[in-house]
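Engineer: What shape does this take:
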Amino acid sequence: METLNLLLPWIQIGLSIFLIGAILLQQSGAGVGGAFGGGEGGGYNTRRGAEKVLFRATIILGIFFAISAFIALII
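Structural biologist: The predicted model follows:
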């Protein structure tokens, strides 16, 4: 239990760095105008290849980060 108390903050720091990197690496189809309701109507865009892997990795990293946060609350 003592080891987990020492490692958990480092695990959360590592997960947060990887999660931030994964989020920043994702491509955005909309520019700044899309954030404010403008933009070009846009079509359906299917994720393929590396983009799909990065998208799923971001979800998994987010889940792991949330689990580590709940564990930190319990301990």
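
Engineer: in the protein, which helix or strand is least confident?
Structural biologist: Least confident element among the helices and strands of the chain, by mean pLDDT, DSSP states H and E: helix 32-35 (a mean of 52).

Engineer: Quick one: name whatever helix or strand follows that one.
Structural biologist: As assigned by DSSP states H and E, the chain's next helix or strand after helix 32-35 is helix 50-74.

Engineer: List the neighbours of that following helix that are in contact with it.
Structural biologist: The contact list for helix 50-74 (C-beta atoms under 8 Å, 6 or more residues apart in numbering) reads 4, 8-9, 11-12, 15-16, 18-19, 22-23, 25-27, 47. Using the backbone N, CA and C atoms, a C-beta is placed for each residue, glycine as well.

Engineer: now Phe18: how far from Thr46?
Structural biologist: According to C-beta to C-beta, to the nearest Å, Phe18 and Thr46 sit 25 Å apart.

Engineer: neighbour-wise, which of the two wins?
Structural biologist: Of the pair Phe18 and Thr46, Phe18 is the one with more neighbours under other C-beta atoms under 10 Å, namely 15 against 6.

Engineer: In contact with that one: list those residues for me.
Structural biologist: Residues in contact with Phe18 (C-beta under 8 Å, 6+ apart) are Leu61.

Engineer: Just the element for it, please.
Structural biologist: For Phe18, the host element (DSSP H and E) is helix 2-25.

Engineer: got the angle between that helix and helix 50-74?
Structural biologist: Between helix 2-25 and helix 50-74, the angle comes out at 150 degrees (axes from the mean of the first three to the mean of the last three C-alpha atoms, to 10 degrees).

Engineer: What's the separation between Ile17 and Phe65?
Structural biologist: From Ile17 over to Phe65 the distance is 10 Å, taken as C-beta to C-beta.

Engineer: So, low pLDDT: which residues of this structure?
Structural biologist: By pLDDT under 70, the low-scoring segments of the chain are 29-43.
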